[in-house]
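Novice: got a sequence here, can you model it:
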Amino acid sequence: MEDSGHRLNPQVARSRAAAIRAARDILFAEGWDAVTHVSVAERSGVGRTTLYRHWPTVEQLVYDVLLGEIAMSHPVPSGSTRDDLVADLDGFRSQLREHARERVMATIMDRATADPEFAKVRDGLYQACSLALVKILQTARNRGELEADLDLAQAVAELAGPLVFQQFLAHKRLTRHVVERIVDAFLRAHQPLADQAHSNDGGTSAAR
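Specialist: Next up is the predicted model:
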């Protein structure tokens, strides 16, 4: 969990990249408990002293692995609120559907209740996962596409929460169609009051 703004020299950058690749391979193939400084050193060729210097704990190393996974799941924004919300949540859905990632996330949530290091990982990943959604929502709110008093943290929970619930508790198959329905329901519920009134008037007029 180092400061990403610090510019690394090429050799250090290569060592870090090799270690993260090795940790990622071990994590998703064998599970969290298989990731140790010893196992990562053996697979990557990076010395244990170097690993401990960059990542004093295994949790910090795995955190950086997962941050990389999250970064790859966020698509480039298109400018369309609906399309961007669907694309970002669909990347999240894809990660939840993979058994290895589901297993890792379950481990984090289980251990975070009693282990402060896991709690830090959980909270950091929540912030990282939420960042892209928050930016999309802020932009939409500023453009007047969403209600002005929209609570962004609550909005993220409304969008991502159903996916987590269905994956971990209901054990339902997640598809892109599920994501689209969640987004469409959210946008209908949080459109500005003037738009809601216009929609209601239109519905009444059509009924007549």
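Novice: which positions within stretch 128-142 qualify as buried?
Specialist: For stretch 128-142, a neighbour-count test (16 or more other CB atoms under 10 Å) marks Ala128, Cys129, Ser130, Ala132, Leu133, Ile136, Leu137, Ala140, Arg141 as buried. (Each C-beta comes from the backbone N, C-alpha and C, glycine too.)
Novice: possible to save these as TSV with distance to Gln11 and pLDDT?
Specialist: Output for those, formatted as TSV (distance: CB to CB, whole Å; pLDDT from 0 to 100):
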residue	distance to Gln11	pLDDT
Ala128	27	89
Cys129	32	87
Ser130	34	92
Ala132	32	91
Leu133	36	94
Ile136	38	96
Leu137	41	97
Ala140	43	96
Arg141	45	96
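Novice: give me phi/psi at the nearest residue in space to Val58 that is not next to it in sequence?
Specialist: Of all residues not flanking Val58 in the chain, Val35 sits nearest, at 5.5 Å (CB to CB, 6 or more residues apart in numbering). Note on Val35: backbone dihedrals following degrees, to the nearest 10 are phi -80, psi 110.
Novice: so Val35 touches Ile26, yeah?
Specialist: Yes: with contacts counted by CB atoms under 8 Å, Val35 reaches Ile26, the gap being 5.1 Å.
Novice: where do the domain boundaries of the chain fall?
Specialist: As given by automatic domain parsing, the domain ranges for the chain are 10-62, 74-191.
Novice: re earlier: next step: the buried residues of stretch 128-142 restricted to helices.
Specialist: Per DSSP state H, helices hold the following members of the buried residues of stretch 128-142: Ala128, Cys129, Ser130, Ala132, Leu133, Ile136, Leu137, Ala140, Arg141.
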